[in-house]
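S.K.: Okay, sequence plus prediction incoming.
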Amino acid sequence: MEEKLTKEEVLHVADLARISLTEEEIEKYRVELKKLLNDVEKINDVKGYDDDILIACWEENTTLRKDEPGEMLNPKEVIGNAPRHSGNYIEVPVVISDGEGA
Amino acid sequence: MKYLNKDIKEINKLLKSKKIKPIDLVEEAFENIEKNKDLNAYITLNKEEAIKQAKSLEDKEVDNLLFGLPIAVKDNIVTKDLRTTCASHILDNFIPIYNATVVEKIKAKNMIIIGKTNMDEFAMGSSSRTSYFGAPKNPWNPKKISGGSSGGSATTIAARDVLFALGSDTGGSIRQPASYTGIVGMKPTYGRISRFGLVAFASSLDQIGPMTKNVYENALLLNALVGKDEKDLTSVRREEEDFTRFIGKDIKGMKIAVPNYFMSDIVSSEIIDKVKEIIKLLEKKGATVDYVDVKYLENAVTLYQIIAMGEASSNLARFDGIRYGHSYENPKNIEDVYLKTRAEGFGEEVKRRIMVGSYLLSGENAKVYYNKALSIRDDMRKEFKNVFKKYDLMIGPTTTTTAYNLTDPMDDPRKSFMDDVLVIPVNMAGLPGLNLPIGFDKNNMPIGMQVIGDSFEEAKIYHLASFLEKELNLELNPFGGEEDE
């Protein structure tokens, strides 16, 4: 028998990733995600390493730049890239409605 | 008359003496691309603008070797006013409002952007088959993949459309397609080149690099790309250097290491034999070559899966259907915009990786997986550093097989990771690595060798690679150079 995640497990990770899935996709990902999750479990077999972690390859270089205003993007162009916009505002569906949250 | 197949110094002379103009090169490039359009190397062409730019260069002084030369840019590098899709439906109408730093840099050399190349969606994949726009085809055999994720850039260079292309490499995405298509591809040291404007996949691994038909042109393009950038905190300030400076020099006394894992039975025997021939050649020419053990190499794919998927899930959270790109038409509420835009916009491979990545970073899992991966990654980097205390360079195969069929099954989600088992360790350690074509398999598909250096030792890599390139003197034009004048 092929190893599978439960439907609930797939829906949980899809929710974390903010992706809606069809029934067909859920079935497919039950198998595929299980394979990948089995793969990453292999990290628990690795032994002998020390506790230092590598966050940046060159920490000596990661200095912050001075907080000075520089060249700016044109707000009109920035907003213009939004699929729904009006003037200098981005339009979104109602976020807070009466009584119930969205 | 053809010019793009001439030596770059010869082209430069012709430009300088006004015997040819940049527009001649641009027109030739578009003729080539048209002739090879079935290879599907490009997502968007920049024809009108390229012609305009070429004409505007006519009165300018030809002040550098890259002047007026066409260049292809991978479609995950943003180009102002030129569509940048990342080969994804979610960005298929996205027009950036600024240029990536590398784009500013090539423009400063008066290079001409000819188009945006095909790739795996968001650079996630190893065959460019996850592209929303269909996969590019290998010029050596159009039934085969060009590799990925920089498959379009590799294809257009191998097909000799243009001399220069930019790729990006998170887990081998420059070197692996370079190997499959018989070209030279360099992933520079992490931090060498600004990532500003490279659409982020896994930020601690991503690096932009040059893809060319030969070593010299590769080093020349790298010269133009490097440098500290205020807009990328992880870019590194270094003294200026000429990456071509050791090209043509002898290699006597050079010390080279070959990791045993790279020559193990995970690699096809045809490729192993070819690399062994190279080792013999190097020894004959006065280099010493030793086999070495590098701990954790066999864990690199696992580390990569955790780090790359984790970082991807976080980076791709920005595609929300609100600020740019595709958006779901009839949302009921804000949650609906996110869920359905992403469901419609992302392809399967991307969805899979984001879901697993989100899981790996959620709550306590971050400690169990991601932090542990960073810890082992640190040890792996130390292992590499130890080898480079004794050796100048490391070599080994770039890939475990040559390019496979476009129709091969895509049903195993692990396949795209395993294809990159030999190229991923270099990203883990932040080191520079280059693919050099070293021969062909029995089906006349290119075999590539990786040359890996210590941090910031790109010039040394070019030194060895150029030496071998000259010694081997391979015919690397898939069309046999029959169109040479």
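M.R.: That came in fine, so what should we check first?

S.K.: how about residue 46, what does it touch?
M.R.: Because you didn't say which chain, this covers chain A. Counting by C-beta atoms under 8 Å, 6 or more residues apart in numbering or on different chains, residue A:46 touches B:296, B:299, B:302, B:372, B:376. Where C-beta positions appear, they are placed from N, C-alpha and C, glycine not excepted.

S.K.: not what I meant, chain B
M.R.: B:79, B:82, B:113, B:114, B:115, B:116.

S.K.: Name the helix or strand for the fifth one, please.
M.R.: So the one you mean is residue B:115. strand B:112-117 (DSSP states H and E).

S.K.: quick one: strands adjacent to that strand?
M.R.: Strand pairing for strand B:112-117, determined by DSSP bridges: strand B:42-45 (antiparallel), strand B:70-74 (parallel).

S.K.: hang on, the earlier thing: most neighbours among the contacts of residue A:46, which one?
M.R.: Ranked by the number of neighbours (other C-beta atoms under 10 Å in any protein chain shown), the contacts of residue A:46 place residue B:376 first, at 26 neighbours.

S.K.: these two touch, right, it and residue B:297?
M.R.: No - using C-beta atoms under 8 Å, residue B:376 makes no contact with residue B:297, being 11.4 Å away.

S.K.: mind listing what's buried in the lengthiest helix in chain B?
M.R.: Across chain B, the longest stretch assigned as helix under DSSP state H is helix B:372-390. Across helix B:372-390, burial judged by 16 or more other C-beta atoms under 10 Å in any protein chain shown covers B:372-384, B:387-388.

S.K.: Quick one: name whatever helix or strand follows it.
M.R.: Next element after helix B:372-390 (DSSP H and E): strand B:393-397.

S.K.: And residue A:11, its phi and psi?
M.R.: Phi and psi for residue A:11, reported as degrees, to the nearest 10, are phi -60, psi -30.

S.K.: So it is in contact with residue A:26, correct?
M.R.: Yes - contact criterion C-beta under 8 Å: residue A:11 and residue A:26 qualify, at 7.0 Å.

S.K.: which residues of the stretch 351-485 of chain B fall in helices?
M.R.: In the stretch 351-485 of chain B, the segments counted as helices under DSSP state H, counting those that start in this stretch are B:365, B:372-390, B:415-418, B:424-428, B:458-472.

S.K.: ok, residues contacting the second one?
M.R.: This means helix B:372-390. The contact list for helix B:372-390 (C-beta under 8 Å, 6+ apart) reads A:43, A:46, A:48-55, A:57, B:255, B:257, B:292, B:294-297, B:299-300, B:302-303, B:306-307, B:310, B:394, B:425, B:428-431, B:453-454, B:457.

S.K.: hmm, which of these are the buried ones?
M.R.: Neighbour-count burial (16+ other C-beta under 10 Å) applied to the contacts of helix B:372-390 gives A:43, A:46, A:49, A:53-54, A:57, B:257, B:292, B:294-297, B:299-300, B:302-303, B:306-307, B:310, B:394, B:425, B:428-431, B:453-454, B:457.

S.K.: before we move on, the earlier item: please flag which of the contacts of helix B:372-390 sit within strands.
M.R.: Among the contacts of helix B:372-390, the ones falling in strands (DSSP state E) are B:255, B:257, B:292, B:394, B:453.

S.K.: Model confidence for the fourth one, exactly?
M.R.: In this prediction, residue B:394 carries a pLDDT score of 98.

S.K.: Where does residue B:209 sit: helix, strand or coil?
M.R.: strand (DSSP: H, G, I helix; E, B strand; the rest coil).

S.K.: Extract the residue ranges of chain A that are flagged as low pLDDT.
M.R.: Applying pLDDT under 70 to chain A flags the ranges A:1, A:59-62, A:98-102.

S.K.: Show me where it has its helices.
M.R.: With helices called from DSSP H, chain A shows them at A:7-16, A:23-41, A:75-80.

S.K.: Provide a list of residues in contact with the closest residue to residue B:332 other than its chain neighbours.
M.R.: Nearest non-adjacent residue to residue B:332, counting by C-beta to C-beta, 6 or more residues apart in numbering or on different chains: residue A:93, 7.2 Å away. Contacts here follow C-beta under 8 Å, 6+ apart; on that basis residue A:93 touches A:102, B:331, B:332, B:333, B:334, B:336, B:337.

S.K.: Now a PyMOL select for only the buried ones of those.
M.R.: Selecting only the buried entries of the contacts of residue A:93 in PyMOL, with 16+ other C-beta under 10 Å as the criterion:
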select buried, chain B and resi 331+333+334+336+337
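
S.K.: Any chance of TSV for the contacts of residue A:93, columns secondary structure?
M.R.: Below are the contacts of residue A:93 laid out as TSV (three-state DSSP):
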residue	secondary structure
A:102	coil
B:331	coil
B:332	coil
B:333	coil
B:334	helix
B:336	helix
B:337	helix
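
S.K.: Go through the ones in strands among the contacts of helix B:372-390 and name the one nearest residue B:44.
M.R.: residue B:453 (34.2 Å; C-beta to C-beta).

S.K.: roughly how far apart are the closest one and residue B:215?
M.R.: To residue B:215, residue B:453 is 14 Å away according to C-beta to C-beta, to the nearest Å.

S.K.: Relative to residue B:209, which of the contacts of residue A:93 is nearest.
M.R.: The closest of the contacts of residue A:93, once distances to residue B:209 are taken by C-beta to C-beta, is residue B:337, at 36.0 Å.

S.K.: Surely that closest one is in contact with residue B:323?
M.R.: No - the criterion here is C-beta under 8 Å, and residue B:337 misses it with residue B:323 at 11.0 Å.
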